[in-house]
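Participant: have a look at this prediction, sequence included:
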Amino acid sequence: MGDGTLKSLQRLSDLAINGAPPAFSTPVHVGRPSVGNKEEFLRRLDDILERRWFTNDGPYVREFEKRIAEFLGVKHCIAVANGTLALEIAIRALGLHGEVIVPSYTFIATAHALWWQGITPVFADIDPATHNLDPAAVRQMITPRTTGIIGVHLWGRAAPVRELQKIADEHGLALLFDAAHAFGCSYGTDLIGRFGRLEIFSFHATKFFSSFEGGAITTNDDELADAMRLMRNFGFSGYDNVIYPGTNGKLTEVCAAMGLTNLDAVDGFIANNRDAYLAYKAAFSDLKFVTMLDYNESEKNNYQYCVIEISPDCGVRRDQIVEALHAENILARRYFWPGCHRMNPYRDLFPHAGLVLPNTSDVAERVVVLPGGSALPLNAATVIADVIRVLESERGDPKDG
Ligand code: T4K
């Protein structure tokens, strides 16, 4: 067994969780990296070794920044070591303090980047249809201490940019976006990367487009860009002269070389991801209690995340499905359960935050993120649909079989 094609999945006793052999012999991961042309990467690696310039604003980092800015149609790109540092530097450069409004339904880094700098993340609820910040909920969370709003383009689907900008303008707040998921995605026809005061990206291995580890801040603001460039390098402005409290946020040449190699390959990555997304859509079309999160085909998408929601009316709980899939070696994830507000330090500090986050709690209980992209084995979508179908049709504890 092992390629997902041989296994019959018709009754509970066919499930690996009940002792049958798993559908796949090796784990099928969410977030398996897409890789561009290996020879091109190795050629660049050779260059780096010959040149003996490994980090600190090297030629590949500069080329990477230029190519990203051109790709996104934005004036400045500041490449950094990862998405979390991008957020931290951006928050510092914008002078945020006091409270900043963020969704709780996001990766913990969005909240931690604030807390790490002594700023209180104030969690606003999401729109259950989009999983992105609900502008009405954001308005409710504004206090005299609020200095900013971080919108997250979750799953690469654009946050309500226009509405959030209106709120920010009305209240004199800085608006920035965590676009960690959204490289190559658009808001309307405009690529994400040029909205708010700035946007940040992650190029982590698990992201649509990776530089091993890496990240970037993009902005059209010249002054902000200059400040962030210095902050990324301890605040040095030339030899022996520090003019900002900075950090070490530099991207290495090896990471930039990987980034450049993958940037050349993004069209192929999108095509592979879209194939996986469409395979799931087809496989789930007759599953009444499973909703696949749609990408708007009139916008640009990277299709990196294959996200399903299990209806509360389904006879099986989301966690039973995830457990059964893991037994088949399909390592589906419950991103972003349980929500940042239910993780520490926020859970202990703000134990009642959940009272204003009903949609966050509901969505976090329902979502399953499935493996996608080129690493998705043939027929994996069918196997996953079959597992859910078997569980659902028997409507009970999978281990009762
Ligand atoms: N904002 C948002 C909205 C984010 O989602 C993230 C990161 C950030 C900010 C911060 O950006 P960075 O500082 O990370 O650049 C993963 C990633 O580590 C994290 O980057 C990502 N979001 C988050 C959504 O997912 P984990 O804890 O789930 O990672 P892990 O180790 O469980 O890996 C996920 C899956 O990927 C595994 O099934 C195995 C597979 N994998 C992973 C790696 C590292 C591979 O196949 N190859 C690999 O090299 O957080």
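Facilitator: That came in fine, so what should we check first? Numbering: from 1, shown residues only.

Participant: put the alpha carbons of stretch 242-259 into CSV.
Facilitator: Taking Å, rounded to 0.1, in the frame of the first residue of the first chain, the C-alpha atoms of stretch 242-259 are listed here in CSV:
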residue,chain,number,x,y,z
VAL,A,242,24.3,54.1,14.4
ILE,A,243,21.2,56.3,14.1
TYR,A,244,18.4,53.9,15.0
PRO,A,245,17.8,51.1,17.5
GLY,A,246,18.1,48.3,15.0
THR,A,247,18.2,44.5,14.9
ASN,A,248,19.8,41.9,12.8
GLY,A,249,17.2,41.2,10.2
LYS,A,250,19.4,40.6,7.2
LEU,A,251,18.7,38.0,4.5
THR,A,252,21.6,35.8,3.5
GLU,A,253,22.9,35.5,0.0
VAL,A,254,22.0,31.8,-0.1
CYS,A,255,18.4,32.6,0.8
ALA,A,256,18.3,35.3,-1.8
ALA,A,257,19.7,32.8,-4.4
MET,A,258,16.9,30.4,-3.5
GLY,A,259,14.4,33.2,-3.7
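
Participant: show me how far that stretch is from its chain's centre.
Facilitator: Distance, stretch centre to chain centre, for stretch 242-259: 21 Å (CA atoms, centre = their mean, to the nearest Å).

Participant: that stretch: which residues count as buried?
Facilitator: 244, 246-247, 249-259 (16 or more other CB atoms under 10 Å). Where you see a C-beta, it was placed from the backbone N, CA and C, and this is true even at glycine.

Participant: contacting residues for residue 321?
Facilitator: Each residue near residue 321 by CB atoms under 8 Å, 6 or more residues apart in numbering is listed here: 310, 332, 368, 387-388, 391.

Participant: just the CA trace of the helix or strand encompassing it, in PDB.
Facilitator: Assigned by DSSP states H and E, residue 321 falls within helix 318-327. Taking C-alpha atoms only, helix 318-327 is exported to PDB below (Å, rounded to 0.1, in the frame of the first residue of the first chain):
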ATOM      1  CA  ARG A 318     -13.500  18.100  12.500                       C
ATOM      2  CA  ASP A 319     -10.900  16.600  14.900                       C
ATOM      3  CA  GLN A 320     -12.100  13.000  14.100                       C
ATOM      4  CA  ILE A 321     -11.600  13.700  10.400                       C
ATOM      5  CA  VAL A 322      -8.100  15.100  11.100                       C
ATOM      6  CA  GLU A 323      -7.200  12.100  13.300                       C
ATOM      7  CA  ALA A 324      -8.500   9.700  10.600                       C
ATOM      8  CA  LEU A 325      -6.500  11.500   7.900                       C
ATOM      9  CA  HIS A 326      -3.300  11.400  10.000                       C
ATOM     10  CA  ALA A 327      -3.700   7.600  10.300                       C
END
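
Participant: please state the offset of it from the chain centre?
Facilitator: Distance, centroid of helix 318-327 to centroid of chain: 22 Å (CA atoms, centre = their mean).

Participant: hmm, who's touching the helix or strand immediately after that helix in the chain?
Facilitator: Following helix 318-327 in sequence order, the next helix or strand is strand 330-331 (DSSP H and E). Contact partners of strand 330-331, identified using CB under 8 Å, 6+ apart, comprise 23-24, 27-30, 325, 370-371, 380, 383-384, 387.

Participant: determine which two of the residues you listed are furthest apart.
Facilitator: The span of the contacts of strand 330-331, defined through CB to CB, is set by 29 and 387 at 16.8 Å.

Participant: tell me the contacts of the closest residue in space to residue 322 that isn't next to it in sequence?
Facilitator: Computed as CB to CB, 6 or more residues apart in numbering, the closest residue to residue 322 that is not its neighbour in sequence is residue 332, at 5.4 Å. Residue 332 makes contact with 30, 321-322, 325-326, 368-371, 384, according to CB under 8 Å, 6+ apart.

Participant: ditto for residue 389
Facilitator: Counted by CB under 8 Å, 6+ apart, residue 389 has contacts 9, 287.

Participant: any idea how far it is from residue 314?
Facilitator: For residue 389, the distance to residue 314 equals 11 Å [CB to CB, to the nearest Å].

Participant: ok so, going back, between residue 29 and residue 387, who's got more neighbours?
Facilitator: residue 387 (26 against 18; other CB atoms under 10 Å).

Participant: and that one, how far is that from residue 23?
Facilitator: 8 Å.

Participant: any shared contact partners between the two?
Facilitator: Common neighbours of residue 387 and residue 23 (CB under 8 Å, 6+ apart) are 9, 328, 330.

Participant: against which helices or strands is the longest strand along the chain packed?
Facilitator: Secondary structure of the chain read by DSSP state E shows that its longest strand is strand 146-152. Using 3 or more CB pairs under 8 Å, 6 or more residues apart in numbering; DSSP states H and E as the contact test, the elements touching strand 146-152 are strand 99-103, helix 108-115, helix 161-171, strand 174-178.

Participant: and the angle from the longest one to strand 99-103?
Facilitator: Direction vectors for helix 161-171 and strand 99-103, defined by axes from the mean of the first three to the mean of the last three CA atoms, to 10 degrees, enclose an angle of 160 degrees.

Participant: elements contacting helix 161-171?
Facilitator: Looks like helix 161-171 contacts helix 135-140, strand 146-152, strand 174-178 (3+ CB pairs under 8 Å, 6+ apart).
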